[in-house]
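Engineer: missing the sequence, but the structure's below:
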């Protein structure tokens with residue numbers, strides 16, 4: 001579960017120590033394979049420290065109070081932090097992972113062809129298929145949750161899922177949105193009029209320019225567009241949060257290759273990616289009202305005897321060792337720890353009696369957004385190596401009874417992969433039938449995902465993959481057919497059943513959910529980032545109007 005509460009300082013990587021961050025952001029010592037530490041602060045803007053003590057040589061214990069606490073720094077948390085700050089609310093933002101400053105030519109993030117412990121969240125081995133490296137655990141980028149029926153990948157770090165997302169910041173059409181979010185269908189007009197455009201402006205979305213698409217590393221993207229059209233798809237260029245001048249810099253030899261080799265799954269070293277840390281959070285910190293506290297893992301959420309929200313938080317070092325136990329009370333808590341993180345906190349709180357009378361729907365309505373990964377191998381035309389990214393081209397089937405999208409994944413092709421290979425990915429609308437239940441032995445919530453819930457859209461995507469092979473040769477195989485992994489977890493605290501249209505947890509004043517956990521299962525056959533952020537923008541505008549000064 002994402003959590004965090006304090007900034008760190010230190011050297012920023014790059015040939016001149018430059019950083020791509022807005023005013024008010026804080027650097028870190030670069031996390032690396034030799035175990036550098038990132039120090040989290042014990043307080044921050046809007047947080048008053050009450051007591052600090054030692055416990056027999058163990059971790060320190062401290063108590064704090066904040067007017068507002070945001071848990072998580074992804075697309076929902078970043079929006080919440082900025083809009084609270086603009087409303088004049090001192091805000092403490094908790095993040096379990098580290099801050100990852102970028103270049104150009106930085107070495108902050110691990111490379112796919114040499115993964116190290118920075119890749120995984122407190123795991124001793126790589127979770128990448130075919131990679132069997134072991135290492136000392138680290139508070140790295142991706143937590144892999146083994147659920148019943150699926151595997152879920154969750155980001156960690158200041159910026160949340162925007163750090164590891166390839167792109168696909170795509171707005172769904174109104175009819176697709178209504179299929180995924182029937183409880184919010186009436187809000188689409190407002191989202192379309194200003195919330196989606198606000199997100200597009202903040203993330204500085206842009207499609208791949210003609211000159212970049214024509215470059216040699218993007219031969220595979222051109223091949224995808226041609227093959228997808230022949231396979232019956234309506235093709236398009238994906239809006240992505242990327243400054244394409246950085247890609248041009250790689251093509252010109254000014255920067256070490258990252259975009260042009262598709263080496264983006266574990267962060268973009270060169271910069272130029274408009275992730276949440278470099279946009280929303282940088283702007284929030286620049287106000288002076290927001291403290292982002294990294295390496296703070298939220299263990300439990302509760303109500304204290306005075307009716308205030310209480311967070312039990314562990315401040316970690318980068319090896320995952322607890323340095324301090326914090327108790328933070330708050331007038332308002334905005335949960336934005338991602339679908340698994342927020343859902344696990346609330347399921348635990350209900351099962352352990354920490355928050356009475358949570359809605360019965362907490363833990364339900366989960367789905368994988370129909371997310372599937374494929375490899376198209378030994379096709380007739382050569383897609384080339386390396387293959388540039390991020391994912392920047394896609395296709396839809398406008399005549400399909402169930403919407404879905406297929407994209408060229410723009411991933412590195414590493415030995416011993418076949419000489420001719422292209423990574424493809426699909427997503428679509430699923431039945432939100434996943435359920436999280438508390439496991440007392442693990443003190444955690446465990447997900448069960450019935451494979452039947454996404455069978456219909458999986459069949460449609462598989463048929464379209466066969467059409468690629470029919471028109472372009474070779475074969476298309478699913479990379480994890482037995483237990484597919486998703487990078488698009490959604491649901492667990494569904495809108496209309498567990499929270500209202502603006503994220504208020506039903507029956508609980510001052511507790512809000514602003515991330516993908518309130519989206520039941522899918523986001524209209526698109527990647528979830530754009531809808532999560534737009535939904536958060538819309539909710540925060542309403543909450544500032546109605547709850548500011550009354551609740552927090």
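Structural biologist: Noted; the coordinates are in hand. Computed from a predicted structure; not experimentally measured. Residues are numbered from 1 along each chain as shown.
Engineer: give me every residue that touches the residue nearest the centre of the chain.
Structural biologist: In the chain, the centroid-proximal residue (Cα atoms, centre = their mean) is residue 161; its distance is 1.9 Å. Neighbouring residues of residue 161 by Cβ atoms under 8 Å, 6 or more residues apart in numbering: 74, 75, 154, 155, 338, 487, 529. Bear in mind the C-beta positions are built from the backbone N, C-alpha and C, glycine included.
Engineer: rerun at 7 Å
Structural biologist: Shown in contact with residue 161 (Cβ atoms under 7 Å, 6 or more residues apart in numbering): 74, 75, 155, 338, 529.
Engineer: Grab the nearest non-local neighbour of the third one.
Structural biologist: Nearest-residue entry for residue 155: residue 161, 4.3 Å, with adjacent residues in sequence omitted and distances by Cβ to Cβ, 6 or more residues apart in numbering.
Engineer: For the one you found, give its distance to residue 487.
Structural biologist: The gap separating residue 161 from residue 487 is 8 Å, by Cβ to Cβ, to the nearest Å.
Engineer: quick check, nearest of the contacts of residue 161 to residue 149?
Structural biologist: In terms of Cβ to Cβ, no member of these lies closer to residue 149 than residue 338, at 19.1 Å.
Engineer: Next up, the contacts around that closest one.
Structural biologist: 2, 72, 74, 154, 160, 161, 489, 515, 516.
Engineer: Ramachandran coordinates for it?
Structural biologist: Backbone torsions of residue 338, given as degrees, to the nearest 10, read phi 80, psi 160.
Engineer: gap between it and residue 408?
Structural biologist: Per Cβ to Cβ, residue 338 is found 26 Å from residue 408.
Engineer: got any ranges where the protein has weak pLDDT?
Structural biologist: Along the chain, the model assigns pLDDT under 70 to residues 1-56, 126-132, 415, 418.
Engineer: Helices of that one, start to end?
Structural biologist: Using DSSP state H, the helices found in the chain span residues 75-86, 174-180, 188-190, 196-202, 210-213, 219-230, 244-251, 280-286, 338-351, 455-472, 529-546.
Engineer: What helices and strands are in contact with the third one?
Structural biologist: Applying 3 or more Cβ pairs under 7 Å, 6 or more residues apart in numbering; DSSP states H and E, one finds that helix 188-190 makes contact with helix 174-180.
Engineer: in the helix it packs on, what counts as buried?
Structural biologist: The neighbour-count check on helix 174-180 (16 or more other Cβ atoms under 10 Å) flags 176, 177, 178, 179, 180 as buried.
Engineer: Save those residues as a markdown table, and put in distance to residue 98 too.
Structural biologist: Converted to a markdown table, the buried residues of helix 174-180 look like this (distance: Cβ to Cβ, whole Å):
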| residue | distance to residue 98 |
| --- | --- |
| 176 | 36 |
| 177 | 35 |
| 178 | 39 |
| 179 | 38 |
| 180 | 33 |
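Engineer: The longest strand seen in the chain relative to helix 529-546, how many degrees between them?
Structural biologist: Using DSSP state E, we find that the single longest strand of the chain is strand 322-335. Angle, strand 322-335 to helix 529-546, by axes from the mean of the first three to the mean of the last three Cα atoms, to 10 degrees: 70 degrees.
Engineer: Check which strands are paired with strand 322-335 and give the direction for each one.
Structural biologist: Strand pairing for strand 322-335, using DSSP bridges, gives strand 60-71 (parallel), strand 309-316 (antiparallel), strand 511-513 (parallel).
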